[in-house]
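Student: What would the 3D arrangement of this be:
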Amino acid sequence: PKRIVCEGPKKQAMWLVLTLLFASLVLWQWGVFIQTYLSWEVSVSLSVGFKAMDFPAVTICNASPFRYSKVKHLLKDLDELMEVVLERIVASEPSHANATKALNFAIWNHTPLVLIDEQDPHHPVVLDLFADSHNDSSPAPGRTCSAPGCKVAMRLCPLNGTVCTFRNFSSVTQAVTEWYTLQAANIFSQVPTEELAKLGYTGEQLILACLFGAEPCSYRNFTTLFHPDYGNCYIFNWGMTEKALPSANPGVEFGLKLILDIGQEDYVPFLTSTAGARLLLHEQRSYPFVKDEGVYAMSGTETSIGVLVDKLERKGEPYSSCTVNGSDVPVHNLYGDQNMTYSIQACIRSCFQEHMIQKCTCGHYLYPLPQGAKYCNDKDFPDWVYCYSELRRSLDQREACIGLCKESCNDTQYKMTISMADWPSEASEDWIFHVLSQERDQSTNITLSRKGVVKLNIYFQEFNYRTIEESAAYNIVWLLSNLGGQF
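Tutor: Residues are numbered from 1 along each chain as shown. Have a look, this model is predicted:
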C-alpha cells in the first residue's frame, strides 16, 4: 500500500518562504544584469594596422595676416595713437598736450586704456592717459604712476555709460597688444573679405619651393583660404575638389618639402610680434583651426615633422552622445557652408557667434557670419567691445555651448614629432640665397636673408597606424546568457 505523507503547515510555510526568497534573489540578480546592460558602458580596444595612407591636409599661414605696406593706410590713425599711448605709459613725465592734437580720439573714446594706481589698495585711483588733452573728467588729470603700484587696464563701458568695468593686465605688453588687436578687428571688419585677401601675402610670395615625394609642386597646388587671424592661408591636399594624395612610403624623401619666404620686414609691427610660419596637419575637408591647434616653424631653421596617425572610433547613441556628421546637433555649423566636415571646434565657435549676435546684435570678426548678420564695429555698434568682453567671460555661455555641441564619432589625429636645425648653414647660405633670389626676383643680388626663410619637411614616420575603438562592454548575448544562467 502507498504511504501518503502529509506535510504540516509549518513545512509548507518554510517552503513558501524559501521559494519566495530564492525567487527574489533571482529577480534581484536579473535587475542587476539589466541595469548593467542599460548603463551602456563601453570597452576600448587598441589595434595597430599597416597600410598605405592618404597624406594629411597641410595648412600653411604666415604669422602676420597682412603686409604692412598694404594696410598702412587703414591703420594710420590707430598706429599714431598707439605710439603716443606707449610713450605716455612708459614715460616718467606726462607729454605735452600739443603732441596729441592731431590724434583721432574717436578710436580711443570707445575703449580706452587707463592706469590704475594701487599704491593704496583700499582706494585705487584711475588715471586717464589723455586727461590733459580731451577729457577733463579724470579723477586725477595729469598724474602719473610707476610700477609696482601701477597697472594698465582696459575700460569697458556700455552705450549709456552707467556701469563700467575694468579689464586688468599684469603686463603692459599684454594690455596694449589686446587693445590694438580689438581696434584692428574693428577696422578690418568693415572691409570686405575679398579686399582683405588682397592685402595679405600671396601664395607666389610665400611659397618659394615645393616638392611632394619625387614630384615638383608650386603654390598652384595649394588652396587659398582667408583666415581672420592669419590672413591668406594655403592648404595642400585639402581634398575639397580633388582626390586626396597618398603617401608612397614613410620617410622624409616621400613627404612634403617646402621653402617659405615669410617676409617679416613687412610685418604689421603692433599686430604681429611673432615671426615665423604657422602650420597645421588635419583631415581632408575639415576646417583648419590654425590658431588653436597649429604649431610655429621658426625662420632661419629647417623644421622636420614626423607624423603618426591615431584613428578614433566612438560608439554612438545610446553609448555616447557623439555625432556622425553634426546633423543632430542643435547649432547651425557656420563652417559647414563650404562643404566642410563637422568638428566640435567648429560647433563651439558657431555657438559663440550665435550668442554674440543674440546679445550684442552683431557678430565677431574672427568667426563666420550667418546670413543677414553684420560684423561688429564702433560705428554701427558703439558698445560691442563691452558686450563681447562680458560674453567672453560668461561661464554660463561656455557651459551652454559645451552642452549643445557633440564630439565626432570618427576622428583622425596626427601626432607630430618635431625637430629643428639652423638652415641654411653658414657655409652654404651664400649660394642658397643667391639661387633663391634668382628664382624669385630674377636678381643677381641676394634679396633674401636668414630672418625671412623657413624650410619644412613633413612626412610619415611609419605606415603603422593605431585604431582606438569603442565597443559595447555588455551586449544582448551577454544579457540573455546571464539571465538564463540563473536557472
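Student: Report the buried residues of the lowest-mean-pLDDT helix or strand in the chain.
Tutor: Ranked by mean pLDDT, DSSP states H and E, the helix or strand of the chain with the weakest confidence is helix 476-484, at a mean of 77. Buried residues in helix 476-484, counted by 16 or more other Cβ atoms under 10 Å: 479, 482. All C-beta atoms are positioned from the backbone trio N, CA, C, and that covers glycine.
Student: Show me what that helix is packed against.
Tutor: When contacts are defined as 3 or more Cβ pairs under 8 Å, 6 or more residues apart in numbering; DSSP states H and E, helix 476-484 packs onto helix 9-38.
Student: Quick check: can you name the pairing partners of the following helix or strand past the helix it packs on and their directions?
Tutor: Counting by DSSP states H and E, the element after helix 9-38 in chain order, helix or strand, is strand 42-50. Note on strand 42-50: by DSSP bridges, its sheet partners are strand 453-472 (antiparallel).
Student: Using neighbour counts, pick out the buried residues of the strand it pairs with.
Tutor: 453-461, 465, 470.
Student: Check stretch 361-380 too.
Tutor: So stretch 361-380, judged by 16+ other Cβ under 10 Å, has buried residues 362-369, 373, 375-378.
Student: can you tell me which two in those residues are farthest apart?
Tutor: Pro368 and Asp378 (21.2 Å; Cβ to Cβ).
Student: on that earlier part again, could you dump the buried residues of stretch 361-380 to a markdown table with pLDDT?
Tutor: Output for the buried residues of stretch 361-380, formatted as a markdown table (pLDDT from 0 to 100):
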| residue | pLDDT |
| --- | --- |
| Cys362 | 94 |
| Gly363 | 94 |
| His364 | 94 |
| Tyr365 | 93 |
| Leu366 | 93 |
| Tyr367 | 93 |
| Pro368 | 93 |
| Leu369 | 92 |
| Ala373 | 92 |
| Tyr375 | 94 |
| Cys376 | 93 |
| Asn377 | 91 |
| Asp378 | 88 |
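Student: can I assume Thr177 sits in a helix?
Tutor: Yes: assessed with DSSP: H, G, I helix; E, B strand; the rest coil, Thr177 lies in a helix.
Student: so it sits right up against Thr274, yeah?
Tutor: No: in this structure, Thr177 is not within contact of Thr274 by Cβ atoms under 8 Å, at 10.8 Å.
Student: If you count surrounding residues, which of these two has more?
Tutor: Applying other Cβ atoms under 10 Å to Thr177 and Thr274 shows that Thr177 carries more neighbours, namely 16 against 11.
Student: so who does the more buried one touch?
Tutor: 270, 273 (Cβ atoms under 8 Å, 6 or more residues apart in numbering).
Student: Numbering from 166 from now on, please.
Tutor: In the new count, where the first residue is 166, that last one comes out as Thr342.
Student: And it, how far from Trp643?
Tutor: 58 Å (Cβ to Cβ, to the nearest Å).
Student: ok, now Phe270?
Tutor: Phe270 is 73 Å from Trp643, by Cβ to Cβ.
Student: Could you do Cys329 as well?
Tutor: Taken as Cβ to Cβ, the span from Cys329 to Trp643 is 62 Å.
Student: nearest spatial neighbour of Val255, skipping sequence neighbours?
Tutor: Computed as Cβ to Cβ, 6 or more residues apart in numbering, the closest residue to Val255 that is not its neighbour in sequence is Val337, at 7.5 Å.
Student: before we move on, what about Leu376?
Tutor: Lys422 (4.4 Å).
Student: who's the one you found bridged to?
Tutor: Assigned bridge partners for Lys422, using DSSP bridges, are Leu376, Asn622.
Student: before we move on, back to that, now do the same for the residue nearest to Val255: its pLDDT.
Tutor: For Val337, the model assigns a pLDDT of 87.
Student: isn't it right up against Ile254?
Tutor: Yes: here Val337 reaches Ile254: they are 5.7 Å apart, a contact under Cβ under 8 Å.
Student: joint contacts of the two?
Tutor: Val317.
Student: where do the strands sit along the stretch 266-415 of the chain?
Tutor: Taking DSSP state E, counting those that start in this stretch to define them, one finds strands in the stretch 266-415 of the chain at 278-282, 290-293, 315-321, 330-333, 372-377, 380-382, 387-392, 396-401.
Student: Let's have these in CSV, adding mean neighbour count, mean pLDDT and distance to Asn414.
Tutor: As requested, the strands of the stretch 266-415 of the chain are exported to CSV (neighbours: other Cβ atoms under 10 Å; pLDDT from 0 to 100; distance: least, Cβ to Cβ, whole Å):
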stretch, mean neighbour count, mean pLDDT, distance to Asn414
strand 278-282, 20, 85, 56
strand 290-293, 18, 82, 64
strand 315-321, 19, 86, 53
strand 330-333, 15, 87, 53
strand 372-377, 20, 95, 13
strand 380-382, 13, 94, 14
strand 387-392, 17, 95, 23
strand 396-401, 23, 96, 18
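Student: Could I get the ones you listed in CSV, plus columns for distance to Glu591?
Tutor: Conversion of the strands of the stretch 266-415 of the chain to CSV gives the following (distance: least, Cβ to Cβ, whole Å):
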stretch, distance to Glu591
strand 278-282, 44
strand 290-293, 51
strand 315-321, 42
strand 330-333, 46
strand 372-377, 20
strand 380-382, 28
strand 387-392, 31
strand 396-401, 30
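Student: Tell me which of the ones you listed lies nearest to His497.
Tutor: Closest to His497 of the strands of the stretch 266-415 of the chain is strand 387-392 (Cβ to Cβ; 20.4 Å).
Student: Determine the angle, from 0 to 180 degrees, between the closest one and strand 372-377.
Tutor: 130 degrees (axes from the mean of the first three to the mean of the last three Cα atoms, to 10 degrees).
Student: how distant is strand 387-392 from the center of its chain?
Tutor: Distance of strand 387-392 from its chain centroid, counting by Cα atoms, centre = their mean, to the nearest Å, is 16 Å.
Student: who does it pair up with?
Tutor: strand 396-401 (antiparallel).
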